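>>> from the sequence below, what's the structure:
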Amino acid sequence: MSGAPKAKVVVPLAPGQRADAAAVAVLRGLCEVIEGNREGAISGDDPEYLHQLRIAVRRSRTVQRQLKHVFPALELAGFRSEFKWLQRATGEARDLDVYLIGFDELRHMVPEDMRADLGPLRQVLGHWRLGAQADMARAVGSRRTVELLRDWEMLLERLVEIPADERPDAVRPIGELAGRRIRHVYKQIRKDGQRIDAGSPPTAFHELRKTGKELRYMLELFGVQLHDPVVVSDL
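A predicted model of the protein is given here:
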C-alpha cells in the first residue's frame, strides 16, 4: 500500500458519445478507486481508505441504477446484487469509524459535568470497531470480492460489443440520457421533500437523503462535464 487514498473520478466525456461507452469510462474509473483503496481498507490504519472505497461502490451502484438500460438486464441484476452486498459488508465498520472520529465533538454537546461519564462509551465503540473492522476486512479481501471486481471489469471490457437489441439506451447520446436521468432524480427529490413534515418518520428523511446522494453522484460523474457550467457547477 502506498500513497493517499484514491478518491475523485473525472473522465473525459462528450455529449454525443454513446451512453454505454460513457458508462464504461466512468465505471472503469470507479473500479480503479475501489481497487486502489482495498488494501488500505483491509489494513484499517486510515479510515479514509474505507470511506473512499464505499463512495466508489455507491457511485457504481448509482450508475448501474440510473443507466441500467445500457447493460444486459440479466447480467446487470447479478452485479447489482453483489455490489449491494459489498456496500452492506463495509457499512458497520464505516459507521463506527464515524462515531469515533466525531466522538469528542459530540461529547462537547452534553453538559460539561457529564462528559467524563462518556469515557466508557468510547471504549465500547472502539471494541465494536475492532470486530466490525475484522468482518469488513474479510469481506473486502475475500474471493467473492475479487471475483466480483474481476467479472465486472470483464463485462465493462466487452459491453459496447454486445448487441444493443436488449439494451435500448446503449447507443443514445450520453448527454441526452444523463440529462434525462438527472432531471428524473431531481423531480423525485422535490416530490418526496414536499411530503415530509415535522411528523414524518425517520425513514422518510433517510430515503430523501439517499435520493439526494443519487443526484449528487449523477451530477459529479456526468452533469458537470456534459452540461452548461452555469447550470451545473462542480460540487
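>>> tell me the buried residues in the longest helix belonging to the chain?
The helix that spans the most residues within the chain, counting by DSSP state H, is helix 19-43. Residues of helix 19-43 classed as buried: 19-27, 29-31, 33-34, 36-38, 40-42 (neighbour count, 16 or more other CB atoms under 10 Å). No exception for glycine: its C-beta is placed from N, CA and C like everyone else's.
>>> after that helix comes which helix or strand?
helix 47-66 (DSSP states H and E).
>>> and whichever helix or strand comes after that following helix, what does it pack onto?
Where DSSP H and E defines the elements, the next helix or strand beyond helix 47-66 is helix 73-89. Where contact means 3 or more CB pairs under 8 Å, 6 or more residues apart in numbering; DSSP states H and E, helix 73-89 is packed against helix 47-66, helix 119-140, helix 143-158.
>>> now helix 73-89 and helix 19-43, what's the angle there?
30 degrees (axes from the mean of the first three to the mean of the last three CA atoms, to 10 degrees).
>>> average pLDDT for helix 73-89, rounded please.
Averaged over helix 73-89, pLDDT sits at 97.
>>> quick one: contacts of it?
54, 57-58, 60-61, 64-65, 68, 135-136, 139-140, 144-145, 148, 151-152, 155, 166 (CB atoms under 8 Å, 6 or more residues apart in numbering).
>>> tell me who's in contact with the closest residue to residue 17 other than its chain neighbours.
Spatial nearest neighbour of residue 17, excluding adjacent residues (CB to CB, 6 or more residues apart in numbering): residue 174 at 4.9 Å. Applying CB under 8 Å, 6+ apart to residue 174 gives the contacts 13-19, 21-23, 222, 226.
>>> ok, residue 149 next?
Taking CB under 8 Å, 6+ apart as the criterion, residue 149 is in contact with 31, 34-35.
>>> out of those, which comes closest to residue 120?
Residue 120 lies nearest to residue 34 out of those, by CB to CB, at 36.3 Å.
>>> gap between the residue lying closest to the closest one once chain neighbours are set aside and residue 98?
Excluding its sequence neighbours, the residue lying closest to residue 34 (CB to CB, 6+ apart) is residue 56, at 4.7 Å. Remark: distance between residue 56 and residue 98 (CB to CB, to the nearest Å) = 17 Å.
>>> go on, residue 136?
Applying CB to CB to residue 136 and residue 98 gives a distance of 14 Å.
>>> so the two - more neighbours on which side?
residue 136 (25 against 12; other CB atoms under 10 Å).
>>> hmm, that one is touching residue 50, no?
Yes - with contact defined as CB atoms under 8 Å, residue 136 and residue 50 form a contacting pair (7.0 Å).
>>> which neighbours do those two have in common?
41, 90, 93.
>>> nearest to residue 106, of the residues you listed?
Using CB to CB, residue 93 comes nearest to residue 106 of the shared contacts of residue 136 and residue 50, at 18.9 Å.
>>> give me the most central residue, the protein.
Geometric centre of the chain, nearest residue: residue 58, 1.5 Å, by CA atoms, centre = their mean.
>>> disregarding residues adjacent in the polypeptide, which is nearest to residue 16?
Nearest residue to residue 16, sequence neighbours excluded (CB to CB, 6+ apart): residue 173, at 4.9 Å.
>>> okay, now that neighbour: neighbour count?
16.
>>> let me know the pLDDT of it.
Looking at residue 173, its pLDDT reads 97.
>>> that one contacts residue 15, correct?
Yes - with contact defined as CB under 8 Å, residue 173 reaches residue 15; the gap is 6.0 Å.
>>> look up how far residue 41 lies from the residue lying closest to residue 115 once chain neighbours are set aside.
With sequence-adjacent residues excluded and distances taken as CB to CB, 6+ apart, residue 115 is closest to residue 107, at 5.2 Å. Distance of residue 107 to residue 41, computed by CB to CB: 27 Å.
>>> brilliant, that's me finished.
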